[in-house]
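[1] Dropping a prediction and its sequence here:
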Amino acid sequence: MAASPDVLAAVDLGTNSIHLVVAKVEGSRFEVIEREREMVRLGSPDRESADSGDDEMRRLDPAAMDRAVAALGRFRELASVSTDTIRVVATSAVREADNRAEFLARVREEVGVEVEVISGFEEARLIHLGVLQAVPVFDRRLLVCDIGGGSTEVVVGQRGDVIASRSFKLGAIRLTQRFFPYGEVTKRRSRACRDFIRGTIAAFVRDVRRMGWEVAAGSSGTIEAVFEMAAARRDQHRPRTYNNFTISRDEVGAVVGKLLAARTAEERAHVPGLDARRADIIVAGALILEQVMASMDIPEITFSDFALREGVLLDTWRRTHGGSLHHLSDLRRRSVEHLAELMDEDPAHSAQVARLALQLFDGTADLHGLGDDSREVLEAAALLSNVGLFVSHSGHHKHTYYVIRNSEHLAGFTDREIELIAQVARYHRKSEPTKRHPPFAALDADDQRRVEVLAGLLRVAVGLDRNHSARVADLRCHVEDGELRVEVVPRNGDELGLELFSASQRTGLLESALGRPVELVRTEAPDPAVSGR
């Protein structure tokens with residue numbers, strides 16, 4: 001069967017791991033339909049280099065090449081189910097190897113794909129493109145750090161353009177070979193490793209400090225491993241996804257301290273949050289992140305689940321179809337709208353409910369005291385409140401929670417924000433939030449109140465479009481004699497009996513959350529322009 005021309009696959013042939021991502025292109029966004037990763041250690045030294053203690057990755061070991069070719073063959077077969085368009089890029093391990101021609105020929109002959117060996121600068125540019133699809137900072141000056149097995153890329157960019165970038169020969173595998181060749185950590189070796197990292201990045205640090213930046217993001221498996229260990233140290237549930245999760249420089253330092261206290265890889269394998277397969281190389285990788293943050297005075301860093309391979313996908317699409325990156329400036333809203341388009345039977349109704357919910361939020365701002373972050377959660381929850389109908393009409397509010405919580409479409413949101421959106425949407429009907437429900441009980445007190453207020457507003461908004469005909473044009477909120485009075489303006493003089501009755505039946509949660517009675521009354525628009533909106 002012929003593959004769809006709107007499905008692309010990208011493979012990142014890295015020093016430590018090989019990553020595959022297959023995505024469907026819809027307009028200007030990607031829907032990931034397949035991900036695979038294999039740790040092949042292509043950058044592991046050959047026997048001659050290992051025996052000499054050489055940290056330069058001058059030759060690819062035959063066994064490592066065998067592993068890589070086999071993995072690429074599996075990835076090629078997996079991707080071919082969806083697409084004939086696959087782009088494979090190779091980074092530092094291959095670009096530095098004297099015998100790379102032998103490896104590239106093997107891949108061409110045995111797997112049937114061509115491998116692009118990209119420069120460090122191109123790698124940095126593509127990583128930047130990838131991160132912009134996961135972290136909603138398109139309009140801000142972004143500093144990105146990506147730590148691979150053989151190199152570290154640091155990029156400063158804004159609105160899709162790279163302002164400055166460097167690729168350093170600092171990688172988790174490379175520095176492990178140089179400073180911790182037998183996996184044993186000592187104070188002298190860790191001090192020497194830190195000094196080497198600082199000296200290597202010093203010149204670019206001055207450039208970065210001069211040009212400035214607003215937000216810092218990190219990508220790659222090494223950085224995610226540090227985030228996982230930092231999260232394990234927190235007295236809270238670990239997130240299901242680390243995308244847009246933020247940790248401080250002090251937390252990175254605490255993780256490094258824990259790793260350095262474990263002298264051997266066997267001891268480090270038991271550090272909470274660490275994948276034991278990284279125990280041999282994680283010290284060098286964590287020290288790179290520590291020194292980059294310290295040298296560039298980065299107080300906190302946000303994780304991006306997207307990196308080089310997603311950047312390759314976007315770059316491949318743009319080569320063929322052209323277009324700009326401006327869609328990334330509103331990444332979060334677009335991802336919500338996309339999920340709604342996929343799974344909502346009546347998106348016009350959800351849009352009307354969201355509009356009314358936001359009017360209620362704004363009109364009661366002095367009562368609930370919540371900020372713009374909560375307003376965005378409410379809007380997303382309203383737009384997605386009916387996606388559970390795609391699964392089943394019966395108990396669809398529960399299915400809505402599951403769909404939102406487990407969706408891969410909500411790019412740009414943190415794990416906590418996704419949980420809040422899912423809970424507010426889940427409580428738009430039927431039972432109210434209760435500590436008998438484990439997800440709600442797991443929230444802290446502030447977020448529990450947030451869910452109660454937002455779900456209360458959403459319930460009333462749903463009632464005000466009970467017949468899905470958008471008869472309500474406007475809402476005005478006032479507090480009179482301790483009561484919240486919501487004046488409901490009809491569109492073109494429409495009858496609102498059903499809407500007012502339905503909404504009035506749904507005020508209980510909002511009354512409890514705001515601590516006052518709620519009354520809904522019909523009123524006429526003071527100006528014809530209002531009723532005609």
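    Great, that's in hand. No experiment lies behind these values; they were computed from the predicted model shown. Numbering: from 1, shown residues only.
[2] Tell me where the stretch 351-500 of the chain is predicted with low confidence.
    For the stretch 351-500 of the chain, the stretches with pLDDT under 70 are 392-395.
[3] Tell me which stretches of this protein form strands.
    Using DSSP state E, the strands found in the chain span residues 7-13, 17-26, 29-39, 86-90, 115-117, 142-147, 152-158, 161-168, 215-219, 246-248, 300-303, 472-480, 483-490, 518-522.
[4] buried sites along the biggest helix by length in the chain?
    Across the chain, the longest stretch assigned as helix under DSSP state H is helix 187-211. For helix 187-211, the buried set under the neighbour-count rule, 16 or more other C-beta atoms under 10 Å, comprises Arg189, Ser190, Cys193, Arg194, Phe196, Ile197, Thr200, Ile201, Phe204, Val205, Val208. In this view, the C-beta of every residue, glycine as well, is placed from N, C-alpha and C.
[5] Can you give me the separation between the third one and Thr15?
    Just to be clear, that refers to Cys193. With distances taken as C-beta to C-beta, to the nearest Å, Cys193 is found 17 Å from Thr15.
[6] is it possible to export the strands of the chain to a markdown table including mean neighbour count and distance to Thr264?
    Formatted as a markdown table, the strands of the chain follow (neighbours: other C-beta atoms under 10 Å; distance: least, C-beta to C-beta, whole Å):
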| stretch | mean neighbour count | distance to Thr264 |
| --- | --- | --- |
| strand 7-13 | 26 | 30 |
| strand 17-26 | 21 | 23 |
| strand 29-39 | 17 | 20 |
| strand 86-90 | 23 | 32 |
| strand 115-117 | 17 | 35 |
| strand 142-147 | 26 | 22 |
| strand 152-158 | 25 | 25 |
| strand 161-168 | 18 | 27 |
| strand 215-219 | 24 | 27 |
| strand 246-248 | 18 | 26 |
| strand 300-303 | 22 | 28 |
| strand 472-480 | 16 | 64 |
| strand 483-490 | 18 | 63 |
| strand 518-522 | 16 | 63 |
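[7] where does Val137 fall, phi/psi-wise?
    Phi and psi for Val137, reported as degrees, to the nearest 10, are phi -130, psi 30.
[8] okay, now it: neighbour count?
    Number of residues near Val137 (other C-beta atoms under 10 Å) recorded here: 25.
[9] Could I get the contacting residues of it?
    Shown in contact with Val137 (C-beta atoms under 8 Å, 6 or more residues apart in numbering): Glu214, Val215, Ala217.
[10] before we move on, what about Ile201?
    Applying C-beta under 8 Å, 6+ apart, we find Ile201 in contact with Val154, Arg166, Phe168, Leu170, Gln291, Val292, Ser295.
[11] Please apply the same query to Ala97.
    Here Ala97 is in contact with Met57, Arg58, Arg59, Leu60, Phe103 (C-beta under 8 Å, 6+ apart).
[12] Let me know whether the third one touches Ala101 as I believe.
    No - contact between Arg59 and Ala101 fails when scored by C-beta atoms under 8 Å: they sit 11.8 Å apart.
[13] Those two: who's more crowded?
    The neighbour comparison of Arg59 against Ala101 (other C-beta under 10 Å) goes to Arg59, with 21 against 9.
[14] Which residue ranges make up the domains of this structure?
    7-119+309-321, 134-305, 329-531 (automatic domain parsing).
[15] which regions of the stretch 101-250 of the chain sit below the pLDDT cut-off?
    For the stretch 101-250 of the chain, no stretch has pLDDT under 70.
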